[in-house]
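*Asks:* take a look and give me a structure for this.
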Amino acid sequence: MLRLLLLGVCIVYLLASPRPAAADDDLLALLSGEFALQEGRYAEAARAYVAAAENSEAVALSERAARVALLAKDADLAERALARWTTLAPDALAVRQMAAVLALRRGDVDLATRELTALLKAEGEDNWKLALQALAGERAGAAAGAALERLIAADAIPPGIDATMGFGGLAQALDQDAAAATLAERLAERHPMRPQPWLWRAEIAHRRGEEEAALAAIQRALALPDLDTGMRLGAAAMLNELGRPADAAQALAQGEQEDATLAARAAYLARAEDSAALAALYAEVLGEEAQPRSPERLMLLGQLAELREAFTDARDWYQRLIDRDDIDDGLRGQAQLRRAVALERGGDLDAALASLHAYQGSGGEHGESLVGAHLLEAELLIRSHRHEDALAAYDRGLSTFEDDPDLLYGRALGLERLDRVDEAIATLRRLLELDPDNADVMNALGYTLADRTDQLDEARELIEQALAQRPDNAAILDSMGWVLFRQGQTQEALTHLRRAFELQRDAEIAAHLGEVLWRLGETDEARSIWRLGEELDADNRALKSTIERYLP
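*Replies:* Have a look, this model is predicted:
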(Lines give C-alpha, C1' and ligand atoms only; values in the text may rest on other atoms or scores of the structure.)
Protein backbone atom coordinates (compact mmCIF):
# COMPACT_ATOMS: atom_id res chain seq x y z
CA MET A 1 0.00 0.00 0.00
CA LEU A 2 2.81 2.43 0.89
CA ARG A 3 4.64 1.85 -2.37
CA LEU A 4 1.46 2.38 -4.43
CA LEU A 5 0.91 5.65 -2.57
CA LEU A 6 4.48 6.78 -3.26
CA LEU A 7 4.08 5.89 -6.90
CA GLY A 8 0.99 8.09 -7.07
CA VAL A 9 2.88 10.97 -5.46
CA CYS A 10 5.75 10.68 -7.90
CA ILE A 11 3.41 10.57 -10.92
CA VAL A 12 1.69 13.74 -9.71
CA TYR A 13 5.07 15.47 -9.53
CA LEU A 14 6.02 14.46 -13.05
CA LEU A 15 2.67 15.21 -14.63
CA ALA A 16 3.53 18.86 -14.04
CA SER A 17 6.67 18.53 -16.17
CA PRO A 18 6.58 19.80 -19.78
CA ARG A 19 9.20 17.21 -20.83
CA PRO A 20 7.23 14.07 -21.71
CA ALA A 21 10.14 12.48 -23.59
CA ALA A 22 12.14 12.15 -20.39
CA ALA A 23 9.17 11.33 -18.18
CA ASP A 24 9.87 7.60 -17.92
CA ASP A 25 13.50 8.08 -16.90
CA ASP A 26 12.57 10.83 -14.45
CA LEU A 27 9.83 8.71 -12.92
CA LEU A 28 12.22 5.83 -12.35
CA ALA A 29 14.78 8.16 -10.80
CA LEU A 30 12.17 9.72 -8.57
CA LEU A 31 10.82 6.36 -7.45
CA SER A 32 14.35 5.26 -6.67
CA GLY A 33 14.85 8.39 -4.59
CA GLU A 34 11.61 7.91 -2.68
CA PHE A 35 12.39 4.31 -1.86
CA ALA A 36 15.89 5.33 -0.73
CA LEU A 37 14.31 8.00 1.51
CA GLN A 38 11.93 5.52 3.11
CA GLU A 39 14.84 3.16 3.78
CA GLY A 40 16.96 5.87 5.40
CA ARG A 41 19.48 6.25 2.55
CA TYR A 42 19.23 10.02 2.63
CA ALA A 43 22.23 10.93 0.48
CA GLU A 44 21.04 8.72 -2.37
CA ALA A 45 17.50 10.05 -2.02
CA ALA A 46 18.70 13.66 -2.11
CA ARG A 47 20.69 13.11 -5.32
CA ALA A 48 17.70 11.53 -7.05
CA TYR A 49 15.25 14.18 -5.91
CA VAL A 50 17.42 17.13 -6.85
CA ALA A 51 18.10 15.67 -10.29
CA ALA A 52 14.37 15.15 -10.83
CA ALA A 53 13.51 18.64 -9.58
CA GLU A 54 15.94 20.26 -11.99
CA ASN A 55 14.08 18.58 -14.87
CA SER A 56 10.59 19.54 -13.65
CA GLU A 57 8.38 22.60 -13.41
CA ALA A 58 6.65 21.21 -10.32
CA VAL A 59 7.04 23.59 -7.37
CA ALA A 60 6.16 20.85 -4.89
CA LEU A 61 8.94 18.64 -6.25
CA SER A 62 11.58 21.35 -5.91
CA GLU A 63 10.44 21.99 -2.33
CA ARG A 64 10.60 18.30 -1.48
CA ALA A 65 14.03 18.02 -3.07
CA ALA A 66 15.30 20.89 -0.92
CA ARG A 67 13.94 19.35 2.26
CA VAL A 68 15.36 15.91 1.46
CA ALA A 69 18.77 17.47 0.73
CA LEU A 70 18.51 19.30 4.06
CA LEU A 71 17.72 16.01 5.79
CA ALA A 72 20.75 14.46 4.10
CA LYS A 73 22.89 17.41 5.35
CA ASP A 74 24.23 17.94 1.82
CA ALA A 75 24.73 21.68 1.52
CA ASP A 76 25.56 21.65 -2.22
CA LEU A 77 22.46 19.66 -3.16
CA ALA A 78 20.31 21.81 -0.87
CA GLU A 79 21.59 24.97 -2.58
CA ARG A 80 20.82 23.49 -6.01
CA ALA A 81 17.32 22.53 -4.96
CA LEU A 82 16.73 25.92 -3.38
CA ALA A 83 17.88 27.65 -6.56
CA ARG A 84 15.34 25.67 -8.58
CA TRP A 85 12.61 26.28 -6.01
CA THR A 86 13.38 30.02 -6.00
CA THR A 87 13.12 30.14 -9.80
CA LEU A 88 9.71 28.46 -9.75
CA ALA A 89 8.25 30.24 -6.67
CA PRO A 90 10.33 33.36 -5.96
CA ASP A 91 7.73 34.91 -3.63
CA ALA A 92 7.01 31.84 -1.47
CA LEU A 93 7.64 32.41 2.21
CA ALA A 94 8.80 28.80 2.59
CA VAL A 95 11.59 29.61 0.12
CA ARG A 96 12.78 32.40 2.39
CA GLN A 97 12.60 30.07 5.39
CA MET A 98 14.77 27.51 3.59
CA ALA A 99 17.20 30.23 2.52
CA ALA A 100 17.48 31.34 6.16
CA VAL A 101 18.12 27.78 7.33
CA LEU A 102 20.88 27.23 4.77
CA ALA A 103 22.45 30.59 5.62
CA LEU A 104 22.46 29.64 9.31
CA ARG A 105 24.11 26.32 8.50
CA ARG A 106 26.81 28.14 6.52
CA GLY A 107 27.30 30.59 9.37
CA ASP A 108 26.21 33.53 7.19
CA VAL A 109 24.56 35.63 9.88
CA ASP A 110 24.01 38.65 7.59
CA LEU A 111 22.03 36.72 4.98
CA ALA A 112 20.15 34.71 7.60
CA THR A 113 19.12 37.91 9.38
CA ARG A 114 17.89 39.47 6.13
CA GLU A 115 15.79 36.43 5.24
CA LEU A 116 14.38 36.15 8.76
CA THR A 117 13.55 39.86 8.82
CA ALA A 118 11.68 39.47 5.53
CA LEU A 119 9.67 36.61 7.03
CA LEU A 120 8.83 38.68 10.11
CA LYS A 121 7.67 41.61 7.96
CA ALA A 122 5.56 39.48 5.61
CA GLU A 123 1.80 39.89 5.72
CA GLY A 124 -0.04 37.29 7.74
CA GLU A 125 -0.50 36.79 11.48
CA ASP A 126 1.52 33.59 11.80
CA ASN A 127 4.45 34.15 9.44
CA TRP A 128 6.68 34.81 12.44
CA LYS A 129 6.39 31.09 13.17
CA LEU A 130 8.40 30.30 10.02
CA ALA A 131 11.25 32.49 11.26
CA LEU A 132 11.08 30.97 14.75
CA GLN A 133 11.09 27.44 13.32
CA ALA A 134 14.18 28.22 11.24
CA LEU A 135 16.08 29.57 14.25
CA ALA A 136 14.93 26.84 16.62
CA GLY A 137 15.87 24.11 14.18
CA GLU A 138 19.42 25.47 13.92
CA ARG A 139 19.84 26.56 17.55
CA ALA A 140 22.79 24.22 18.06
CA GLY A 141 24.90 26.46 15.81
CA ALA A 142 26.37 29.79 16.88
CA ALA A 143 24.80 31.59 13.91
CA ALA A 144 21.26 31.12 15.22
CA GLY A 145 22.04 32.88 18.48
CA ALA A 146 23.82 35.71 16.69
CA ALA A 147 20.92 36.19 14.27
CA LEU A 148 18.41 36.17 17.11
CA GLU A 149 20.33 38.83 18.98
CA ARG A 150 20.35 41.03 15.87
CA LEU A 151 16.61 40.62 15.37
CA ILE A 152 15.95 41.59 18.99
CA ALA A 153 18.34 44.55 18.84
CA ALA A 154 16.60 45.79 15.67
CA ASP A 155 13.16 45.40 17.33
CA ALA A 156 12.15 43.15 14.43
CA ILE A 157 10.13 40.72 16.57
CA PRO A 158 6.34 41.22 16.10
CA PRO A 159 4.73 42.92 19.11
CA GLY A 160 2.11 40.25 19.80
CA ILE A 161 2.26 38.24 23.01
CA ASP A 162 2.63 34.82 21.37
CA ALA A 163 5.34 35.92 18.95
CA THR A 164 7.37 37.84 21.51
CA MET A 165 7.20 35.07 24.10
CA GLY A 166 8.06 32.49 21.43
CA PHE A 167 11.29 34.27 20.50
CA GLY A 168 11.94 35.04 24.15
CA GLY A 169 11.63 31.37 25.02
CA LEU A 170 14.21 30.56 22.35
CA ALA A 171 16.50 33.25 23.76
CA GLN A 172 16.21 31.65 27.20
CA ALA A 173 16.94 28.21 25.72
CA LEU A 174 20.09 29.71 24.21
CA ASP A 175 21.04 31.24 27.60
CA GLN A 176 20.55 34.74 26.21
CA ASP A 177 18.92 35.99 29.37
CA ALA A 178 19.62 39.66 28.67
CA ALA A 179 17.95 39.42 25.25
CA ALA A 180 14.97 37.60 26.75
CA ALA A 181 14.71 40.27 29.46
CA THR A 182 14.64 42.96 26.75
CA LEU A 183 11.74 41.22 25.03
CA ALA A 184 9.91 40.80 28.32
CA GLU A 185 10.26 44.50 29.12
CA ARG A 186 8.99 45.50 25.67
CA LEU A 187 6.04 43.17 25.98
CA ALA A 188 5.06 44.53 29.40
CA GLU A 189 5.27 48.09 28.03
CA ARG A 190 3.08 47.21 25.03
CA HIS A 191 0.54 45.13 26.95
CA PRO A 192 0.54 46.55 30.50
CA MET A 193 -2.95 45.26 31.29
CA ARG A 194 -2.24 41.65 30.32
CA PRO A 195 -0.82 39.36 33.03
CA GLN A 196 1.29 37.09 30.78
CA PRO A 197 4.02 39.68 30.10
CA TRP A 198 4.42 40.47 33.79
CA LEU A 199 4.59 36.82 34.79
CA TRP A 200 7.15 36.19 32.08
CA ARG A 201 9.13 39.20 33.21
CA ALA A 202 9.05 37.82 36.75
CA GLU A 203 10.29 34.42 35.58
CA ILE A 204 13.24 35.95 33.75
CA ALA A 205 14.12 38.24 36.66
CA HIS A 206 14.01 35.29 39.05
CA ARG A 207 16.25 33.27 36.74
CA ARG A 208 18.74 36.17 36.72
CA GLY A 209 18.70 36.44 40.51
CA GLU A 210 16.84 39.78 40.48
CA GLU A 211 14.41 38.86 43.23
CA GLU A 212 13.02 42.34 43.93
CA ALA A 213 12.23 42.83 40.25
CA ALA A 214 10.64 39.39 40.11
CA LEU A 215 8.46 40.14 43.13
CA ALA A 216 7.36 43.50 41.71
CA ALA A 217 6.37 41.89 38.40
CA ILE A 218 4.40 39.14 40.16
CA GLN A 219 2.54 41.69 42.25
CA ARG A 220 1.74 43.67 39.11
CA ALA A 221 0.31 40.54 37.45
CA LEU A 222 -1.76 39.63 40.52
CA ALA A 223 -3.36 43.10 40.50
CA LEU A 224 -4.78 42.60 36.99
CA PRO A 225 -8.41 41.53 36.57
CA ASP A 226 -8.14 38.76 33.95
CA LEU A 227 -5.71 36.44 35.73
CA ASP A 228 -6.95 32.89 35.16
CA THR A 229 -6.37 29.93 37.47
CA GLY A 230 -3.32 28.63 35.57
CA MET A 231 -1.62 32.03 35.70
CA ARG A 232 -2.46 32.45 39.37
CA LEU A 233 -0.94 29.04 40.12
CA GLY A 234 2.19 30.05 38.20
CA ALA A 235 2.46 33.32 40.11
CA ALA A 236 2.05 31.46 43.41
CA ALA A 237 4.73 28.95 42.45
CA MET A 238 7.19 31.77 41.81
CA LEU A 239 6.33 33.42 45.11
CA ASN A 240 7.03 30.12 46.83
CA GLU A 241 10.38 29.83 45.03
CA LEU A 242 11.19 33.33 46.28
CA GLY A 243 10.71 32.03 49.83
CA ARG A 244 7.28 33.59 50.33
CA PRO A 245 4.91 30.61 50.75
CA ALA A 246 2.39 32.59 52.80
CA ASP A 247 2.11 35.15 49.99
CA ALA A 248 1.73 32.28 47.53
CA ALA A 249 -1.22 30.92 49.52
CA GLN A 250 -2.75 34.37 49.75
CA ALA A 251 -2.46 34.84 45.99
CA LEU A 252 -4.36 31.60 45.45
CA ALA A 253 -7.06 32.54 47.95
CA GLN A 254 -8.31 35.04 45.37
CA GLY A 255 -10.29 33.97 42.34
CA GLU A 256 -11.99 30.67 41.56
CA GLN A 257 -11.22 27.81 43.92
CA GLU A 258 -10.49 24.56 42.08
CA ASP A 259 -8.99 21.30 43.31
CA ALA A 260 -5.48 22.32 42.20
CA THR A 261 -5.84 25.75 43.81
CA LEU A 262 -6.98 24.40 47.15
CA ALA A 263 -4.29 21.70 47.22
CA ALA A 264 -1.59 24.24 46.44
CA ARG A 265 -2.88 26.59 49.14
CA ALA A 266 -2.65 23.77 51.65
CA ALA A 267 0.93 22.94 50.60
CA TYR A 268 2.08 26.56 50.82
CA LEU A 269 0.44 27.14 54.20
CA ALA A 270 2.08 23.99 55.51
CA ARG A 271 5.45 25.25 54.34
CA ALA A 272 4.74 28.60 55.98
CA GLU A 273 3.80 26.69 59.18
CA ASP A 274 0.64 28.80 59.42
CA SER A 275 -1.58 26.57 61.55
CA ALA A 276 -4.31 29.19 61.89
CA ALA A 277 -4.59 29.62 58.12
CA LEU A 278 -4.61 25.84 57.67
CA ALA A 279 -7.47 25.58 60.15
CA ALA A 280 -9.35 28.30 58.24
CA LEU A 281 -8.79 26.50 54.94
CA TYR A 282 -9.99 23.24 56.47
CA ALA A 283 -13.14 24.97 57.66
CA GLU A 284 -13.61 26.56 54.24
CA VAL A 285 -13.44 23.23 52.41
CA LEU A 286 -15.50 21.49 55.09
CA GLY A 287 -18.22 24.13 54.79
CA GLU A 288 -18.74 23.77 51.04
CA GLU A 289 -22.35 23.11 50.13
CA ALA A 290 -21.71 20.60 47.34
CA GLN A 291 -22.84 17.12 48.40
CA PRO A 292 -21.79 14.42 48.03
CA ARG A 293 -18.19 15.51 48.13
CA SER A 294 -16.04 14.61 45.15
CA PRO A 295 -13.16 12.13 45.61
CA GLU A 296 -10.71 15.01 45.16
CA ARG A 297 -12.34 16.95 48.00
CA LEU A 298 -12.22 13.93 50.30
CA MET A 299 -8.50 13.51 49.58
CA LEU A 300 -7.94 17.21 50.24
CA LEU A 301 -9.83 17.07 53.54
CA GLY A 302 -7.72 14.11 54.62
CA GLN A 303 -4.51 15.94 53.74
CA LEU A 304 -5.62 19.10 55.52
CA ALA A 305 -6.52 17.09 58.59
CA GLU A 306 -3.05 15.51 58.50
CA LEU A 307 -1.39 18.90 58.21
CA ARG A 308 -3.37 20.04 61.24
CA GLU A 309 -2.27 16.83 63.03
CA ALA A 310 -5.90 15.79 63.39
CA PHE A 311 -4.97 12.22 62.55
CA THR A 312 -8.24 10.59 63.58
CA ASP A 313 -10.14 12.91 61.23
CA ALA A 314 -7.58 12.27 58.49
CA ARG A 315 -7.98 8.51 58.86
CA ASP A 316 -11.76 8.83 58.61
CA TRP A 317 -11.65 11.01 55.47
CA TYR A 318 -9.32 8.54 53.76
CA GLN A 319 -11.56 5.64 54.75
CA ARG A 320 -14.55 7.40 53.21
CA LEU A 321 -12.56 7.75 50.02
CA ILE A 322 -11.48 4.09 50.06
CA ASP A 323 -15.12 3.03 50.44
CA ARG A 324 -16.21 4.91 47.29
CA ASP A 325 -17.17 2.89 44.22
CA ASP A 326 -16.48 5.69 41.74
CA ILE A 327 -12.69 6.00 42.10
CA ASP A 328 -9.90 4.23 40.27
CA ASP A 329 -7.32 1.92 41.82
CA GLY A 330 -4.68 4.63 41.76
CA LEU A 331 -6.63 7.09 43.92
CA ARG A 332 -7.80 4.28 46.22
CA GLY A 333 -4.17 3.20 46.63
CA GLN A 334 -3.11 6.73 47.54
CA ALA A 335 -5.86 6.86 50.15
CA GLN A 336 -4.76 3.51 51.57
CA LEU A 337 -1.21 4.76 52.01
CA ARG A 338 -2.24 8.10 53.50
CA ARG A 339 -4.59 6.30 55.93
CA ALA A 340 -1.69 4.14 57.13
CA VAL A 341 0.43 7.26 57.67
CA ALA A 342 -2.39 8.86 59.66
CA LEU A 343 -2.69 5.75 61.82
CA GLU A 344 1.06 5.68 62.54
CA ARG A 345 1.30 9.38 63.25
CA GLY A 346 -1.71 9.03 65.52
CA GLY A 347 0.28 6.55 67.59
CA ASP A 348 -1.05 3.21 66.32
CA LEU A 349 1.82 1.62 64.39
CA ASP A 350 0.34 -1.88 64.63
CA ALA A 351 -2.89 -0.73 62.99
CA ALA A 352 -0.91 1.08 60.28
CA LEU A 353 1.10 -2.07 59.50
CA ALA A 354 -2.02 -4.22 59.51
CA SER A 355 -3.67 -1.82 57.09
CA LEU A 356 -0.69 -1.96 54.74
CA HIS A 357 -0.54 -5.76 54.91
CA ALA A 358 -4.23 -6.00 54.07
CA TYR A 359 -3.76 -3.70 51.07
CA GLN A 360 -0.68 -5.59 49.89
CA GLY A 361 -2.72 -8.81 49.84
CA SER A 362 -5.88 -7.27 48.40
CA GLY A 363 -5.16 -8.16 44.79
CA GLY A 364 -5.25 -4.50 43.79
CA GLU A 365 -4.16 -3.74 40.25
CA HIS A 366 -2.34 -0.45 40.78
CA GLY A 367 1.28 -1.58 40.88
CA GLU A 368 2.74 1.78 41.84
CA SER A 369 0.57 2.01 44.95
CA LEU A 370 1.30 -1.61 45.90
CA VAL A 371 5.04 -0.97 45.63
CA GLY A 372 4.44 2.16 47.68
CA ALA A 373 2.76 0.07 50.36
CA HIS A 374 5.92 -2.00 50.81
CA LEU A 375 8.11 1.11 50.78
CA LEU A 376 5.90 2.84 53.34
CA GLU A 377 5.85 -0.22 55.58
CA ALA A 378 9.64 -0.26 55.60
CA GLU A 379 9.79 3.48 56.30
CA LEU A 380 7.43 3.20 59.27
CA LEU A 381 9.47 0.32 60.66
CA ILE A 382 12.71 2.27 60.26
CA ARG A 383 11.20 5.16 62.20
CA SER A 384 10.63 2.68 65.01
CA HIS A 385 14.20 1.35 64.68
CA ARG A 386 12.95 -2.06 63.56
CA HIS A 387 15.55 -2.40 60.82
CA GLU A 388 15.40 -6.18 60.41
CA ASP A 389 11.63 -5.98 59.95
CA ALA A 390 12.09 -3.15 57.44
CA LEU A 391 14.48 -5.30 55.42
CA ALA A 392 11.91 -8.09 55.44
CA ALA A 393 9.33 -5.64 54.06
CA TYR A 394 11.64 -4.79 51.14
CA ASP A 395 12.24 -8.49 50.49
CA ARG A 396 8.52 -9.29 50.47
CA GLY A 397 7.96 -6.47 48.02
CA LEU A 398 10.73 -7.74 45.74
CA SER A 399 9.23 -11.24 45.78
CA THR A 400 6.26 -9.73 43.94
CA PHE A 401 7.89 -6.81 42.12
CA GLU A 402 11.22 -8.29 41.09
CA ASP A 403 14.00 -5.79 40.44
CA ASP A 404 11.79 -2.80 41.26
CA PRO A 405 14.36 0.01 41.54
CA ASP A 406 12.82 1.76 44.54
CA LEU A 407 12.57 -1.46 46.53
CA LEU A 408 16.11 -2.45 45.58
CA TYR A 409 17.43 0.96 46.59
CA GLY A 410 15.65 0.80 49.94
CA ARG A 411 16.93 -2.74 50.48
CA ALA A 412 20.51 -1.63 49.79
CA LEU A 413 20.27 1.17 52.34
CA GLY A 414 18.72 -1.22 54.85
CA LEU A 415 21.52 -3.73 54.39
CA GLU A 416 24.14 -1.03 54.87
CA ARG A 417 22.37 0.16 58.01
CA LEU A 418 22.61 -3.40 59.37
CA ASP A 419 26.34 -3.52 58.50
CA ARG A 420 25.74 -6.14 55.79
CA VAL A 421 27.97 -4.10 53.54
CA ASP A 422 28.84 -6.74 50.93
CA GLU A 423 25.15 -7.47 50.33
CA ALA A 424 24.39 -3.75 50.14
CA ILE A 425 27.08 -3.24 47.52
CA ALA A 426 25.86 -6.24 45.52
CA THR A 427 22.32 -4.82 45.52
CA LEU A 428 23.57 -1.42 44.36
CA ARG A 429 25.60 -3.07 41.60
CA ARG A 430 22.42 -4.83 40.46
CA LEU A 431 20.65 -1.48 40.36
CA LEU A 432 23.44 -0.03 38.27
CA GLU A 433 23.17 -2.94 35.84
CA LEU A 434 19.48 -2.14 35.42
CA ASP A 435 20.05 1.61 35.00
CA PRO A 436 23.72 2.32 34.14
CA ASP A 437 23.26 6.10 33.78
CA ASN A 438 21.41 6.71 37.04
CA ALA A 439 23.35 9.38 38.94
CA ASP A 440 21.67 8.59 42.26
CA VAL A 441 22.67 4.93 42.06
CA MET A 442 26.23 5.80 41.00
CA ASN A 443 26.44 8.13 43.97
CA ALA A 444 24.99 5.60 46.42
CA LEU A 445 27.38 2.89 45.30
CA GLY A 446 30.33 5.27 45.19
CA TYR A 447 29.61 6.65 48.65
CA THR A 448 29.15 3.17 50.15
CA LEU A 449 32.46 2.06 48.67
CA ALA A 450 34.16 5.22 49.94
CA ASP A 451 32.67 5.07 53.41
CA ARG A 452 32.67 1.34 54.12
CA THR A 453 35.51 -0.13 52.01
CA ASP A 454 38.99 0.67 50.73
CA GLN A 455 37.87 0.61 47.08
CA LEU A 456 38.45 4.35 46.83
CA ASP A 457 39.48 4.56 43.17
CA GLU A 458 36.27 2.91 41.97
CA ALA A 459 34.28 4.98 44.44
CA ARG A 460 35.75 8.21 43.13
CA GLU A 461 35.16 7.24 39.49
CA LEU A 462 31.49 6.53 40.17
CA ILE A 463 30.99 9.75 42.14
CA GLU A 464 32.75 11.80 39.45
CA GLN A 465 30.38 10.37 36.83
CA ALA A 466 27.38 11.24 39.00
CA LEU A 467 28.72 14.74 39.64
CA ALA A 468 29.21 15.35 35.93
CA GLN A 469 25.49 14.76 35.47
CA ARG A 470 24.37 16.79 38.48
CA PRO A 471 27.08 19.26 39.49
CA ASP A 472 24.90 21.12 42.01
CA ASN A 473 23.52 18.12 43.85
CA ALA A 474 24.31 18.39 47.56
CA ALA A 475 24.39 14.63 48.21
CA ILE A 476 26.81 13.98 45.35
CA LEU A 477 29.03 16.90 46.37
CA ASP A 478 29.09 15.45 49.90
CA SER A 479 30.15 12.07 48.50
CA MET A 480 32.85 13.74 46.42
CA GLY A 481 34.16 15.56 49.45
CA TRP A 482 34.14 12.37 51.50
CA VAL A 483 36.03 10.24 48.98
CA LEU A 484 38.61 13.03 48.55
CA PHE A 485 39.02 13.12 52.33
CA ARG A 486 39.45 9.33 52.42
CA GLN A 487 42.13 9.68 49.73
CA GLY A 488 44.02 12.26 51.80
CA GLN A 489 43.06 15.32 49.73
CA THR A 490 41.69 17.20 52.69
CA GLN A 491 41.73 20.75 51.32
CA GLU A 492 39.98 19.70 48.11
CA ALA A 493 37.46 17.79 50.21
CA LEU A 494 36.68 20.93 52.21
CA THR A 495 35.69 22.85 49.06
CA HIS A 496 33.14 20.24 48.03
CA LEU A 497 31.73 19.78 51.53
CA ARG A 498 31.30 23.52 52.10
CA ARG A 499 29.40 23.75 48.81
CA ALA A 500 27.24 20.75 49.75
CA PHE A 501 26.34 22.28 53.13
CA GLU A 502 25.49 25.61 51.46
CA LEU A 503 23.09 23.84 49.11
CA GLN A 504 21.49 21.63 51.76
CA ARG A 505 21.64 21.87 55.54
CA ASP A 506 21.89 18.18 56.38
CA ALA A 507 23.14 16.40 59.50
CA GLU A 508 25.28 13.86 57.62
CA ILE A 509 26.94 16.58 55.53
CA ALA A 510 27.57 18.45 58.79
CA ALA A 511 29.27 15.33 60.19
CA HIS A 512 31.63 15.15 57.20
CA LEU A 513 32.30 18.88 57.00
CA GLY A 514 33.05 19.07 60.73
CA GLU A 515 35.47 16.14 60.55
CA VAL A 516 37.40 17.70 57.68
CA LEU A 517 37.56 21.04 59.50
CA TRP A 518 38.81 19.29 62.63
CA ARG A 519 41.56 17.56 60.68
CA LEU A 520 42.60 20.93 59.25
CA GLY A 521 42.88 22.38 62.75
CA GLU A 522 39.66 24.43 62.58
CA THR A 523 38.27 22.83 65.73
CA ASP A 524 36.02 25.71 66.80
CA GLU A 525 34.28 25.83 63.42
CA ALA A 526 34.00 22.04 63.45
CA ARG A 527 32.18 22.16 66.79
CA SER A 528 29.88 24.88 65.44
CA ILE A 529 29.02 22.82 62.36
CA TRP A 530 28.32 19.74 64.49
CA ARG A 531 25.99 21.77 66.72
CA LEU A 532 24.10 22.87 63.63
CA GLY A 533 23.90 19.24 62.56
CA GLU A 534 22.45 18.24 65.94
CA GLU A 535 19.79 20.93 65.57
CA LEU A 536 18.87 19.42 62.21
CA ASP A 537 18.86 15.76 63.30
CA ALA A 538 20.41 14.81 66.60
CA ASP A 539 19.78 11.10 65.93
CA ASN A 540 21.68 10.98 62.64
CA ARG A 541 23.92 7.93 62.83
CA ALA A 542 26.90 9.44 60.99
CA LEU A 543 26.78 12.64 63.06
CA LYS A 544 26.53 10.80 66.39
CA SER A 545 29.40 8.49 65.46
CA THR A 546 31.62 11.39 64.36
CA ILE A 547 31.00 13.45 67.48
CA GLU A 548 31.66 10.43 69.72
CA ARG A 549 35.03 9.87 68.02
CA TYR A 550 36.21 13.46 68.34
CA LEU A 551 34.39 14.63 71.47
CA PRO A 552 34.22 11.51 73.69
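
*Asks:* now do A94, the pLDDT please.
*Replies:* Looking at A94, its pLDDT is 89.

*Asks:* A48 too?
*Replies:* The model's pLDDT for A48 equals 81.

*Asks:* if you count contacts, what does the stretch of helix or strand it belongs to end up packed against?
*Replies:* Assessed by DSSP states H and E, A48 sits inside helix 42-54. The criterion is 3 or more CB pairs under 8 Å, 6 or more residues apart in numbering; DSSP states H and E, and the helices and strands that helix 42-54 contacts are helix 23-38, helix 59-71, helix 75-88. The way it works is simple: take the backbone N, C-alpha and C, and place the C-beta from them, glycine included.

*Asks:* for the chain, give me the ranges with low pLDDT.
*Replies:* Where the chain drops to pLDDT under 70, the residues are 1-33, 290.

*Asks:* now with 50?
*Replies:* 1-9, 11-22 (pLDDT under 50).

*Asks:* spatially central residue in it, please.
*Replies:* Computing the C-alpha centroid of the chain and ranking residues by CA atoms, centre = their mean puts R470 first, at 13.1 Å.

*Asks:* distance between stretch 232-248 and the chain's centre?
*Replies:* Centre-to-centre, stretch 232-248 and its host chain are 19 Å apart (CA atoms, centre = their mean, to the nearest Å).

*Asks:* buried stuff in that stretch?
*Replies:* 232-240, 242, 244-248 (16 or more other CB atoms under 10 Å).

*Asks:* farthest-separated two in those residues?
*Replies:* Using CB to CB, these reach their maximum pairwise distance at G234 and A246, which is 17.6 Å.

*Asks:* name the helices or strands packed onto the strand or helix carrying T261?
*Replies:* Per DSSP H and E: T261 is located in helix 259-271. Counting contacts by 3+ CB pairs under 8 Å, 6+ apart, helix 259-271 is packed against helix 229-241, helix 245-253, helix 275-286, helix 295-307.

*Asks:* turn those helices into CSV, columns for distance to V371.
*Replies:* As requested, the helices and strands packed on helix 259-271 are exported to CSV (distance: least, CB to CB, whole Å):
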stretch, distance to V371
helix 229-241, 29
helix 245-253, 31
helix 275-286, 30
helix 295-307, 20
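
*Asks:* for Q319, which of these is the nearest?
*Replies:* Across the helices and strands packed on helix 259-271, closest to Q319 is helix 295-307 (CB to CB), at 9.0 Å.

*Asks:* what does that closest one rub up against?
*Replies:* Under the criterion CB atoms under 8 Å, 6 or more residues apart in numbering, residues 259, 262-263, 266, 269-270, 278, 281-282, 285-286, 288, 290, 293, 311, 313-314, 317-318, 320-321, 324, 326-327, 331, 334-335, 338-339, 341-342, 345 lie in contact with helix 295-307.

*Asks:* circling back to that earlier point, wait, the residue nearest to the centre of the chain sits on M480?
*Replies:* No - using CB atoms under 8 Å, R470 makes no contact with M480, being 11.1 Å away.

*Asks:* give me the buried positions along the helix holding A48.
*Replies:* In helix 42-54, counting by 16+ other CB under 10 Å, buried: Y42, E44, A45, A46, R47, A48, Y49, V50, A51, A52, A53.

*Asks:* want to throw those residues into TSV with distance to N540?
*Replies:* As requested, the buried residues of helix 42-54 are exported to TSV (distance: CB to CB, whole Å):
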residue	distance to N540
Y42	58
E44	64
A45	63
A46	63
R47	67
A48	69
Y49	67
V50	68
A51	72
A52	72
A53	71
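
*Asks:* what distance separates the helix holding A48 from the middle of the whole chain?
*Replies:* For helix 42-54, the distance to the chain centre is 41 Å (CA atoms, centre = their mean).

*Asks:* and the angle for that helix with helix 75-88?
*Replies:* Going by axes from the mean of the first three to the mean of the last three CA atoms, to 10 degrees, helix 42-54 is angled at 30 degrees with respect to helix 75-88.

*Asks:* let me know the angle separating helix 42-54 from helix 59-71.
*Replies:* Relative orientation of helix 42-54 versus helix 59-71 (the same axes, to 10 degrees): 150 degrees.

*Asks:* on that earlier part again, quick one, which of the helices and strands packed on helix 42-54 is nearest to E508?
*Replies:* With CB to CB as the criterion, E508 lies closest to helix 59-71 of the helices and strands packed on helix 42-54, at 51.9 Å.

*Asks:* same for that closest one, what does it pack against?
*Replies:* helix 2-15, helix 23-38, helix 42-54, helix 75-88, helix 93-106.

*Asks:* picking up where we left off before, which of the buried residues of stretch 232-248 sits closest to F167?
*Replies:* Nearest to F167 among those, with distances taken as CB to CB, is G234, at 20.0 Å.
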